[in-house]
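Trainee: Please work out how this folds:
(2 chains)
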Amino acid sequence: MSDTPSATAELTLPKDLAAEKGMVNVQIDGVWHQFPKGMRMIEACRSAGTIVPHYCYHPKLSAPGNCRMCLVQMGMPPRPAPGQEPKRDEYGYEPIGWMPRAVIACANTISENMGIRTTGELVEKCREGTMEFLLINHPLDCPICDQAGECRLQEHSVEHGRGASRFVDIKVKKPKNVDIGPRIRLDNERCILCSRCIRFMDEVAGDPVLGFTQRGTHTTLTVHPDRLLDSNYSLNTADICPVGALTSNDFRFQMRVWFLKETPTIDVNCGTGTNITVWTRNNTIHRITPRQNDAVNSCWMPDSHRLNFHYIDGEARFNQPLVKNGVLHDPIEWSDALNRAAEKLKPLAPGQIAILASGRMTNEELHLTRKLAETLGTSLVSLVPRFAECDGMLIAADRNPNTTGAKLVLGTEDPFAKLDAIRDGVRDGSIKALLVFGEDIITDAGFHFSDLAKLDYLLQTHILANPTALASHLVLPGAAFAEKRGSMVNLTGRIQRLNRAIEPPDQARDDWEILRDIIATVSGEKSDLHAIEDVFKSLAGSISALEGLTLSKIGHQGLSVTETGYQVPLLEKERQRKL
Amino acid sequence: MAVVKLQRPKLNAGEKIYFGAILKGFFITMSHAVRSLLGKTTGAKDLASSGLGVTMQFPEQRWDNQLPEYYRGAPTLVIDEQGRERCVSCQLCEFICPPKAIRITPSEIPTDDKWAKVEKRPIEFDIDMIRCIYCGMCEEVCPEQAIFLRKDYLVTGHTRAEMVHDKKKLYEIGGIRTGLVNKWNELK
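Mentor: You can find the predicted model right below:
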């Protein structure tokens, strides 16, 4: 029996070939694909390049299948009669017996020899029906709704909607403009009851304060009577809300989304390096949203980081170089400022100069800081540590976004080691000049005003007015994180790219340019660094971990360049949920 | 295609010196001048002329009541008969405006306002009349029937700033408009 031709032929059947790899064969819109066993139908369709319209399904959440938008037609091979061999076509696939009713693609998984049709009369009719029901009670709020322009209901009603309503009764009234939390506004009439927000708060944020009350068309999203939606991850519910039911208070009525330019960059509020999109118009940031990166932040970001951008166009922003004149500061030209700094620094012995850099600087800026230290001959270079509590999700204990990068670039295991020595040196007068880049050392590094008064020369680059600037002889205006390009390495050892979303104000300059110009003025040699790419090239040439890399090769998702053993707690939880 | 050769008309000696034609034109002009002085110009009444030919003595005399219903003059904002400002600052006109003449700053309606349920209204609404091309797309795109092109065509100013119509000016020209759909009213 075993050596009959049919037995050997069966081994080459597509189902056996796929099973060897733990895959199954699925026919999507007439084309056969192989996907891993247990994949959701909607994900299989997405991989095959067909996006099935959906509301309630979110790849990072459980799938309750309650919106009914992702209905597709499914088919399986008919079960053969006992003793009968299944029929197969010339490629070894069994014929598909199509089911007469549609199934939801989000909560069903694929299986061997399954067929899926994402188009066709049945599927189209189902979608049109679902859309009509969803729109029955939906208010005509689009002109005032912040979601307009990125609303799934708008998008799908263009494709699958009727254009005019057949509903003659009076729409169900529900609470509007409900204050359910400090950062989130709820409009129940707009809600299509997809329950994404409820599942997010329960499964990801671990703070299940949202739920449905009432029944039928009167179903209402509510917050627990004794609670508020005040989790530090609450604004993610506004992101995943497919309609305008949950909107951000901060972004409320600021700007329509179709005017905004999206810039993919990274967050700099902690060592996680959350991937973000910065939304700008006319050189103003209007909002920040998380960007999916499954190796860093999944699809989420904390509210505290998301809303921390208003200082960028605030009143306290430095927009021109300032030189100390008595107690107060006077504006000065860049060339004069740099020449004066060089004049003060040149006569000093190497040991009399110290540099305090920041963990908020990019790799390129840290590289130039090291070059500056080499030019000045000083070895007194330190970063200012910034540690706080880890929230067990996305906010890391290390609030410096580039500590790992600093370790690589400065070639030291503890970039904060010399801070105490520098502070003592300033106090006992052995350090005459201090260069501070991007840090407010009075607030964050334990210096006192009286310490800084002992210095012969204090130079600070910063973006905002701060106590250290008051004591500084020269203040140079730098660029905020959304105004510069560069790279940072997060706590997991992933190099990621910052992109320029807006231009620095007035005369403020990119920090790497400031450092380059200081080096050039002090050394008297013309710099051959003209673009950030040149700096990265010089950096990549000096560090083995970055060998062969360029800024463009890093891409929008980043690259792992070093092993640190650090795990993002939120991603670990996500993995546990899947097990 | 066949080439058709045309022959120039042969002119006689009188036509060649064209003095007769000049004289003929002079007599036509003079006859019109005499007719206009006698107040007998054709169509003078229909064109609301000054009485001296068909010429209108602008700006003392105006076309205003002659303008057709569909005339596209200055864009304005309107208030409805309930006294509600129609604009909810959806910024669609700002988006559609071909010369980018419109700039809107949206804001929230305070909760103690009579129309608080509308939630949104413009705090600033500027139309740069130097840029405006009177195309009427803003009126066409408006989902709230808030912006209309009126018959005002005399938009003048001494400075560029004067030529920017702000929210106050726009409502001043627009005035109250009746017969609009009041979708924000409570049913029943």
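Trainee: low-confidence ranges in the chain?
Mentor: In the absence of a named chain, chain A is used. A:1-11, A:579 (pLDDT under 70).
Trainee: think we crossed wires, I meant chain B
Mentor: If you take pLDDT under 70 as the line, chain B has these spans: B:47-51, B:188.
Trainee: Can you list the residue ranges for strands in it?
Mentor: With DSSP state E as the definition, chain B shows strands at residue ranges B:75-77, B:79-80, B:102-108, B:120-128, B:147-149, B:164-165, B:176-177.
Trainee: The second one - contacts with which helices or strands?
Mentor: Think strand B:79-80. Packed against strand B:79-80 by the contact rule (3 or more C-beta pairs under 8 Å, 6 or more residues apart in numbering or on different chains; DSSP states H and E) you find strand B:176-177. All C-beta atoms are positioned from the backbone trio N, CA, C, and that covers glycine.
Trainee: Could you say which of the strands of chain B is packed most deeply?
Mentor: strand B:75-77 (a mean of 25; mean count of other C-beta atoms under 10 Å in any protein chain shown).
Trainee: Is chain A within reach of that one?
Mentor: No - judged by C-beta under 8 Å from any C-beta of the partner chain, strand B:75-77 stays clear of chain A, getting no closer than 14.3 Å.
Trainee: Name the residues that touch that strand?
Mentor: Residues outside strand B:75-77 that contact it (C-beta atoms under 8 Å, 6 or more residues apart in numbering or on different chains): B:85-87, B:125, B:127, B:132, B:134, B:136, B:138-139, B:146-150, B:152, B:167, B:170-171, B:173-175.
Trainee: Give me the buried subset of the residues you listed.
Mentor: B:85-87, B:125, B:127, B:132, B:138-139, B:146-150, B:167, B:170-171, B:173-174 (16 or more other C-beta atoms under 10 Å in any protein chain shown).
Trainee: Next up, the contacts around B:Arg131.
Mentor: Contacts of B:Arg131 by C-beta under 8 Å, 6+ apart are B:Pro99, B:Lys100, B:Ala101.
Trainee: Any figure for the gap between it and chain A?
Mentor: Distance, B:Arg131 to chain A, by C-beta to the nearest C-beta, to the nearest Å: 16 Å.
Trainee: Do a quick rundown of the helices in chain B.
Mentor: B:13-16, B:19-37, B:92-96, B:137-141, B:167-174 (DSSP state H).
Trainee: The fourth one: how far from the chain's middle?
Mentor: Mean C-alpha position of helix B:137-141 versus that of the full chain (C-alpha atoms, centre = their mean, to the nearest Å) differs by 14 Å.
Trainee: Show me which residues of chain B sit near chain A.
Mentor: B:88-92, B:94-95, B:106-108, B:117-120, B:143-144, B:183, B:187-188.
Trainee: Mind putting the strands of chain B into a markdown table with distance to A:Ser234?
Mentor: What follows is the strands of chain B, written out as a markdown table (distance: least, C-beta to C-beta, whole Å):
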| stretch | distance to A:Ser234 |
| --- | --- |
| strand B:75-77 | 36 |
| strand B:79-80 | 38 |
| strand B:102-108 | 20 |
| strand B:120-128 | 22 |
| strand B:147-149 | 37 |
| strand B:164-165 | 40 |
| strand B:176-177 | 42 |
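Trainee: separation between whichever residue of the stretch 51-200 of chain A sits closest to chain B and A:Phe253?
Mentor: The stretch 51-200 of chain A approaches chain B most closely through A:Pro143 (3.6 Å), counting by C-beta to the nearest C-beta. Using C-beta to C-beta, to the nearest Å, A:Pro143 is found at 11 Å from A:Phe253.
Trainee: Likewise for B:Ile17?
Mentor: As defined by C-beta to C-beta, B:Ile17 lies at a distance of 79 Å from A:Phe253.
Trainee: So between those two, which is more surrounded?
Mentor: Shown here are B:Ile17 and A:Phe253; by other C-beta atoms under 10 Å in any protein chain shown, A:Phe253 has more neighbours (21 against 10).
Trainee: Select only the buried ones of the residues of chain B next to chain A in ChimeraX?
Mentor: Buried residues among the residues of chain B next to chain A (16+ other C-beta under 10 Å), as a ChimeraX selection:
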select /B:88,89,90,91,92,94,95,106,108,118,119,120,144
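Trainee: what about the closest residue to chain A within chain B, distance to A:Gln154?
Mentor: Closest contact between chain B and chain A, by C-beta to the nearest C-beta, is at B:Cys90 (3.6 Å). Note on B:Cys90: its distance to A:Gln154, by C-beta to C-beta, is 13 Å.
Trainee: Find residues that contact each of the two.
Mentor: Going by C-beta under 8 Å, 6+ apart, residues that sit against B:Cys90 and also against A:Gln154 are A:Cys142, A:Ala148.
Trainee: which ones are touching A:Thr404?
Mentor: So A:Thr404 contacts A:Gly271, A:Val489, A:Asn490, A:Leu491, A:Gly493, A:Thr562, A:Thr564 (C-beta under 8 Å, 6+ apart).
Trainee: For the stretch 151-300 of chain A, just list every one of the strands.
Mentor: A:178-179, A:184-186, A:210-213, A:220-223, A:246-248, A:261-266, A:275-281, A:284-290 (DSSP state E, counting those that start in this stretch).
Trainee: how does chain B divide into domains?
Mentor: What automatic domain parsing lists as the domains of chain B is B:14-61, B:67-177.
Trainee: my read: A:Thr362 touches A:Val489, true?
Mentor: No - A:Thr362 is beyond contact range of A:Val489, at 9.7 Å (criterion: C-beta atoms under 8 Å).
Trainee: what residues are shared contacts of the two?
Mentor: Common neighbours of A:Thr362 and A:Val489 (C-beta under 8 Å, 6+ apart) are A:Asn402, A:Gly405.
Trainee: circling back: between A:Pro143 and A:Phe253, which contacts overlap?
Mentor: Counting by C-beta under 8 Å, 6+ apart, the common neighbours of A:Pro143 and A:Phe253 are B:Lys120.
Trainee: Contact partners for the most centrally placed residue in chain B?
Mentor: Geometric centre of chain B, nearest residue: B:Gly73, 2.4 Å, by C-alpha atoms, centre = their mean. Taking C-beta under 8 Å, 6+ apart, we find B:Gly73 in contact with B:Leu67, B:Tyr134, B:Leu149, B:Arg150, B:Lys151, B:Asp152, B:Tyr153.
Trainee: Could you work out the most separated pair of those?
Mentor: With C-beta to C-beta as the measure, no two of these lie farther apart than B:Leu67 and B:Tyr134, at 13.0 Å.
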